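Enquirer: Need a 3D model of the following:
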Amino acid sequence: MSEALVCYAYTSRYRGLEPEADLASIAAAASRNNPALGVTGVLLFDAGRFIQVVEGPREGIYALQRRLLADTRHSELVELFEFECPMRTFSDWEMRAHRVDTHAPMTSPEVVALRDAYVGVFRPSARDFLTLMQTYLKSRATRS
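Expert: Below you'll find the predicted structure:
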């Protein structure tokens, strides 16, 4: 029997001074480390906040959580959800990083809905949050 697949999301406050360099560094580290953990996902940066959704085997997610807690580039980590999921949402992405605040129209419905969800204006279910994330990412792909 295979290990359960877990989907985990959090938001945190960025503490660094160079978001572009830090996002590149995080994406590079994830490309090196996540395959061994069996973890895939997406990391967004938006106006001083990280929003990350990862998925993988429970032990891989827990190893990543330990690294996140030790990472000084962010603080005020707030877990949005963790649940067992039947399949991956981001199966092709070791870790994709996007900067929302400079690459998307700030008033687009996709950005507003996603931002409202992670800052707590409303609390969608985990599955609805994943749908919001997918909608945002699809809107980015059509604009690129």
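Enquirer: ok, now which ones touch the closest residue to residue 90 other than its chain neighbours?
Expert: Counting by Cβ to Cβ, 6 or more residues apart in numbering, residue 90 lies nearest to residue 40, which is 4.8 Å off, once chain neighbours are set aside. Where you see a C-beta, it was placed from the backbone N, CA and C, and this is true even at glycine. By Cβ atoms under 8 Å, 6 or more residues apart in numbering, the contact set of residue 40 is 34, 54-56, 88, 90-95.
Enquirer: Read off the pLDDT value for residue 40.
Expert: Residue 40 carries a pLDDT value of 91.
Enquirer: For it, grab phi and psi.
Expert: Dihedral angles of residue 40 (phi, psi; degrees, to the nearest 10) stand at phi -130, psi 160.
Enquirer: What residues are bridge-paired with it?
Expert: For residue 40, the beta-bridge partners are residue 55 (DSSP bridges).
Enquirer: roughly how far apart are it and residue 121?
Expert: Counting by Cβ to Cβ, to the nearest Å, the gap from residue 40 to residue 121 is 28 Å.
Enquirer: same deal with residue 5?
Expert: Remark: distance between residue 5 and residue 121 (Cβ to Cβ) = 29 Å.
Enquirer: of the two, who's got more company?
Expert: Neighbours of residue 5 and residue 121, each counted by other Cβ atoms under 10 Å, are more numerous for residue 5; the result is 18 against 10.
Enquirer: Pull the contacting residues for the more buried one.
Expert: By Cβ under 8 Å, 6+ apart, the contact list for residue 5 reads 55-57, 84-88.
Enquirer: What are the buried residues along stretch 33-43?
Expert: Across stretch 33-43, burial judged by 16 or more other Cβ atoms under 10 Å covers 33-34, 37-43.
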